Each structure stands twice: as structure tokens, then as C-alpha cells.
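Novice: Need a 3D model of the sequence below.
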Amino acid sequence: MKAVRGATDETSDLPRSAAPETVGATIDLPRPFSLRGRQGAWRDALLRRMLALADLGGALAASISLGVAGSGRFNHALWSTLLAPAWLVIAKLLGLYDRDQRSLRHLTVDELPGIVTWSLASTAALVLFLSATPAGQLSAGEALQVGVVASAAAFLLRACARSLWRRITPPEQALIIGEGPLAHAARRKLELFPDIHVAVTGERGNLSPGDLDGSPDYLRRVDRILVATSHLDEELIAALVGFCRRRQIKLSVVPPARGMFGTAVELNHVADLPVMEYNTWDVSRSTLLLKRILDFAVASITLVVLSPLLLLISALILVDGGGPVLFRQTRVGQQGRPFRMLKFRTMVVNAEQLLPELVPFDKLREPMFKLPRDPRVTLVGRILRRASLDELPQLLNVVRGDMSLVGPRPEQIELVQRYTEEHQFRLTVKPGMTGPMQVYGRGQLTFEERLAVEREYVENLSVARDLRILALTVAPVVSGRGAF
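Specialist: Numbers count the residues shown, from 1 in each chain. So this is what the prediction gives:
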């Protein structure tokens, strides 16, 4: 049996339950609840309670808004506060407290549709409730106000609750079963996304059902088992399911054939028969039209709202060293059509002439390059890049239709000329100001990882996915993580 890399036996301080006196049978008791030993299901229970408090805060915020910005009748606010516990019941019925423990990575933005549904259902219940009280009915405007305030408050409070939860609880201890590219990819994802809140404490190259007999030491302090092997054994999975169910250990399985499953697959069921459906059709014209309307509307409004900031940045660039404020460069767009991409200038004026000395394109092993400490970047340029403010002029490219708000990163002609047939999918959609690369690792991604997340986006393109990526963009922009 292979030794466990990185796993340690720390079971000496754990409370042990006395073995039941049974003849001919060994019962593997569930692990006891223990804050000191950092074991048990207390993490998930704590998160559920924090999310419930966040929802209660959203409900109370909606009630308070009736007294502050409603018709001025505080009776509405007082009576609606009495119904606040019912909001939690509706959230529970919609499954808003059970999704984190069922998914390896679950973000607040993923449940935004559920939060909106929750606020609509709760607002409808509130309207019916108030109509039967001395407070009287709500007007249509007040009902809309309640729904909007509850949705916004619950979304923000839930995001804060999850962030606080990750700070005050230790990460789950995970054991990876597998080796090779699949196990490496699983470990990389846990490294790239700290919001998963899982730490790898050990790896095993292989495991057999017999290895689970007797509750081995290397599984005593494990909270999650992540199977990532190219040879998936049905008997092993069945044994792991039973073992994890008895020990209250979470089980995640990465499909062994990434090429077979791909990124454009959806798992459905016909009765008890699982069926994989592949998305092999073109994006509908209505989706593309809605995407274009969203791009034009958001980009136009943002340009108007941020015009004072754009003028301030322009002045800072001029003070920092003179020269042109905007940097124009030819990039490759949809279907390989070139266009002039705009950015605020963050480098010295002759940066293009200096690039061949820093990056020999003909010697690159992959059609991409990263310069974490580019000597051509100016002082103001570093600040702009850190906050991604240098890309704001691309809103003009979005208005003109050269780019989209969301899409693959626009690349230089010299790099696109080195594309193989495998890379051509990137050119089937418009490049974006933000995209999967920016929210799933930015400059920390390897070229293969970039291709993987961009392929997943292209093969599953939708307006809802664009809105999700726009929402996810806020965190990396604020943190500056991976920005060069």
C-alpha cells in the first residue's frame, strides 16, 4: 500500500467512543461533534445559521424600508416585522440553506436567482398577511420596494456571512485519491480558489475497497475525499459512498475522462437512468441579440457615469510623463477580424519597440506570455493595472461592437498567428473586457488552464452566464489578485 504524502496521524487527542459490545460485528460510529478537535459537521451547521441571520437581516431591512421610504405608515413596518420568521421558512423550502454542503464550490452569486425567487414569494406572502391586519394592503410600489430591498440586502449579507465564515472556521481537510494530470488539476483548483475553503492534507495514488476496512488512520481527520483518478472503479466508489456516509465525510468525484465528458455536457435522468446531453448546437440569435443589447446599454451608461473618473485618469497620465493618454493596439476579434483596442496608457511611450527585447515571440513555447514585473510600466500605470482601471476605454470598443463585456481575452496578432486548430474556438465569439480567465485566476493561470475555462464559456454561452461573470469580476478587481 502506498504511503500517504502530507498526511499525519493526529488522532491522539481525539475523543474516542467506546466500541459497542456486539458479537461478530463492528459498528463504525459517526465522528463526534468537536469544536476543539475541529471535527464533525459544525462548519456546515454554523454556516446555515449565519445565512439564516443574513436572510433575517434582509427581511428586517425590507420591513424598515416600509417605515422609512414607504407611505409613512409605520404600521406596515411593525406588522411586517412579525412575519420575518416566515421568510426563513420560505428560504428553507427553496433550499437556500442546503446548497453549500452539496457543492465543492458554491458562491453567493450562484444563488442570486434563488434569492430573487425567495424575495418574490416572501413579498407575496407579506402582501396577503398585511391585507388581513389593521395595517391594510400594500401598494404595488411598496411591494416592489420590499422585494428589491430584501433581494439586495440578503445578497450582500449572505456574501458577508460566507466571507466571515471562512475567516472564523478552519478549512476542510481533504484527501485526494489519484495521481497524474487529473489529481494535479484538482489540487490546482483548490489552490486557485481559496473560497472553496478546502486544504489538501494528503494524497494517495490508489485505493482499494479493502483499504477502507478498520477505519485507517489516514482517514481519521479527513473531512472530504476527492477522487481524481483516470481509472474509476465502480466497486471502489460504492465502498467510498458507504464509508463516507457512516463517517460523515464528504465525497467528491472528478470524472476520469475529461475529454469524454467535456465542458458542454449536462447530466439528466430518465427515471433511474443517467443520460449525458451534449451542447452541440449554435447559440440562438435571440441570445446573441440580448447579449448585444446588454453590452451596448451597460457600456453606454457606464461611460457616462464614470466620465469624471476617466478625465481624472487622463490628467494623471499626462502629469506622470506626458505623451498620449490612450494606447491603441491591433488585436484579433471575432472570426479573426482585426480591430483597434483602446486602453489607458500604462507604459512608456516606446513600449512597443521595447517588447521584442523582453519577449521573443518566435521562441515562445505557447501563444501567450506574462511579465509580472514589466519594466516598461509607469508609476501611474502600476496603480491603474492593479485596479484594472486601464481597461475602461474598452467600453468604447464594446459600444462600437468590436468587443463584448464578457468573452475570451483579446490577443495580439503575433500570438493568434501561432494558434493551432485546437485554439480556434476562441475566435468564434467576440473578445471581452472581462471573462472566464479574469474571474478564474487571471495571470496565475497556465495557457492550458486558460483554454479550458474559455472553452467552457464558449460552449455554454448564455446571458445568465455573462451576468454571473460580471458579478464575479468585482472580487478579483478589488483584490488585485493575479493582476500584472
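Novice: hang on, T330 in a strand?
Specialist: Yes: with DSSP: H, G, I helix; E, B strand; the rest coil as the criterion, T330 is assigned to a strand.
Novice: What is the burial count for the closest residue to it other than its chain neighbours?
Specialist: Leaving out its chain neighbours, the residue that sits closest to T330 by Cβ to Cβ, 6 or more residues apart in numbering is P338, at 5.1 Å. All C-beta spots, glycine's among them, are computed from the backbone N, C-alpha and C. P338 has 12 neighbouring residues, counting by other Cβ atoms under 10 Å.
Novice: Could I get the pLDDT score of P338?
Specialist: We have a pLDDT of 93 for P338.
Novice: low pLDDT regions in the stretch 51-200 of the chain?
Specialist: The stretch 51-200 of the chain contains residues with pLDDT under 70 at 69-73.
Novice: can you pull out the strands in it?
Specialist: Applying DSSP state E, counting those that start in this stretch to the stretch 51-200 of the chain gives strands spanning 172-177, 198-204.
Novice: same check, this time on the stretch 301-450 of the chain
Specialist: Under DSSP E, counting those that start in this stretch, the stretch 301-450 of the chain gives strands at 326-332, 338-344, 404-406, 411-412, 432-434.
Novice: quick one on the thing from earlier: I'd guessed the residue nearest to T330 sits against R331; true?
Specialist: Yes: with contacts counted by Cβ atoms under 8 Å, P338 reaches R331, the gap being 7.1 Å.
Novice: Identify the contacts common to those two.
Specialist: Residues touching both P338 and R331 (Cβ atoms under 8 Å, 6 or more residues apart in numbering): I413.
Novice: quick revisit: most tightly surrounded among the strands of the stretch 301-450 of the chain?
Specialist: By mean neighbour count, with neighbours taken as mean count of other Cβ atoms under 10 Å, strand 404-406 ranks first of these at a mean of 26.
Novice: Given that strand, what are its sheet partners and their directions?
Specialist: The pairing partners recorded for strand 404-406 under DSSP bridges are strand 432-434 (parallel).
Novice: how far is the strand it pairs with from where the chain is centred?
Specialist: Put simply, strand 432-434 sits 16 Å off its chain's centre (Cα atoms, centre = their mean, to the nearest Å).
Novice: what's the answer for stretch 77-89, then?
Specialist: For stretch 77-89, the separation from the chain centroid amounts to 31 Å (computed by Cα atoms, centre = their mean).
Novice: returning to that earlier point: please convert the strands of the stretch 51-200 of the chain to CSV, extending it with distance to L219 and mean neighbour count.
Specialist: Converted to CSV, the strands of the stretch 51-200 of the chain look like this (distance: least, Cβ to Cβ, whole Å; neighbours: other Cβ atoms under 10 Å):
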stretch, distance to L219, mean neighbour count
strand 172-177, 7, 23
strand 198-204, 9, 20
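Novice: can you redo those as a markdown table with distance to L289?
Specialist: Putting the strands of the stretch 51-200 of the chain into a markdown table (distance: least, Cβ to Cβ, whole Å) gives the following:
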| stretch | distance to L289 |
| --- | --- |
| strand 172-177 | 43 |
| strand 198-204 | 40 |
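Novice: and of those strands, who's closest to A125?
Specialist: Evaluated with Cβ to Cβ, the strands of the stretch 51-200 of the chain place strand 172-177 nearest to A125, the distance being 36.0 Å.
Novice: name the helices or strands packed onto that closest one?
Specialist: Strand 172-177 is packed against helix 181-192, strand 198-204, strand 224-227, with contacts defined by 3 or more Cβ pairs under 8 Å, 6 or more residues apart in numbering; DSSP states H and E.
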